[in-house]
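Student: any chance you can model this:
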Amino acid sequence: ASGRGSTAAHAIRALGERDVDVEGVPTSFQSRQLAIDAGIPLTTLEEASVDIAIDGADQVSGTALVKGGGAAHAREKYVDANADRFVVVADPSKEADALDHPIPVEVLPDARPVVAAAVRDLGGDPTLRAAERKDGPVVTDNGNLVLDCEFGRIDDPADVAASLSGIPGVVEHGLFVDLVDAVYVGTEDGVRTTEA
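Tutor: Numbers count the residues shown, from 1 in each chain. Got it, this is the predicted structure:
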């Protein structure tokens with residue numbers, strides 16, 4: 001299983017080049033198409049269990065993550081959470097002492113103003129994510145909108161995650177807490193590993 005970012009794209013292509021006997025559970029249209037192009041057979045969570053999920057992150061602090069730059073975090077989260085092992089691959093630019101990256105929050109379109117108000121009540125500053133090459137907002141593969149919510153430094157990611165999950169109209173958010181088994185950071189000297 002892989003997500004939609006550049007890390008996932010490299011992993012999908014590498015698996016295809018090595019002709020490894022695997023099946024994938026794609027979490028976005030992009031990862032589905034990359035897997036098809038790489039010759040990797042696809043399956044679903046109904047048909048198979050996930051042995052390992054490999055993905056990137058927008059920001060990493062220990063084993064807490066912010067994901068969702070590609071607006072696929074809802075699908076990524078339920079696949080990652082159901083994998084026997086979830087590993088994240090990142091470069092040093094993604095590491096932080098504490099998470100402070102804006103948190104993507106996928107919302108039902110009609111619930112956007114209600115969710116935005118609730119995020120403000122939590123101390124966040126929500127911004128509707130605009131599409132880059134067309135007028136209007138980003139629409140997820142699930143048909144929802146994304147609010148990028150700026151909270152500044154997040155000292156207690158679990159608390160913020162629980163608060164966001166409790167807002168009616170939130171489909172999913174991009175804080176990944178207590179899900180990662182290992183983070184691999186590639187450096188010029190090799191790979192640095194943080195195990196959960």
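
Student: what is the worst-scoring helix or strand of the chain on mean pLDDT packed up against?
Tutor: Ranking every helix and strand in the chain by mean pLDDT, DSSP states H and E puts helix 6-18 at the bottom, with a mean of 78. Applying 3 or more C-beta pairs under 8 Å, 6 or more residues apart in numbering; DSSP states H and E, we find helix 6-18 packed against helix 29-38, strand 52-55, strand 85-90. Every residue, glycine included, has its C-beta placed from N, CA and C.

Student: hmm, who's touching stretch 157-173?
Tutor: 61, 64, 68, 73-74, 77, 99, 103-108, 110-112, 114-115, 118-119, 122, 142, 144, 149, 151, 154, 175, 177-178 (C-beta atoms under 8 Å, 6 or more residues apart in numbering).

Student: repeat that with 7 Å
Tutor: With C-beta atoms under 7 Å, 6 or more residues apart in numbering as the test, stretch 157-173 has contacts from 64, 73-74, 77, 99, 103-108, 111, 114-115, 118, 122, 142, 144, 151, 154, 175, 177.

Student: now do stretch 102-111
Tutor: Under C-beta under 7 Å, 6+ apart, the answer for stretch 102-111 is 66, 68, 71, 73-74, 115, 119, 140, 142, 144-151, 164, 168-175.

Student: give me the distance between the two termini of it.
Tutor: Taking C-alpha to C-alpha, to the nearest Å, stretch 102-111 runs 20 Å from one end to the other.

Student: what about that stretch, distance to the chain center?
Tutor: The chain centroid and the centroid of stretch 102-111 are separated by 14 Å under C-alpha atoms, centre = their mean, to the nearest Å.
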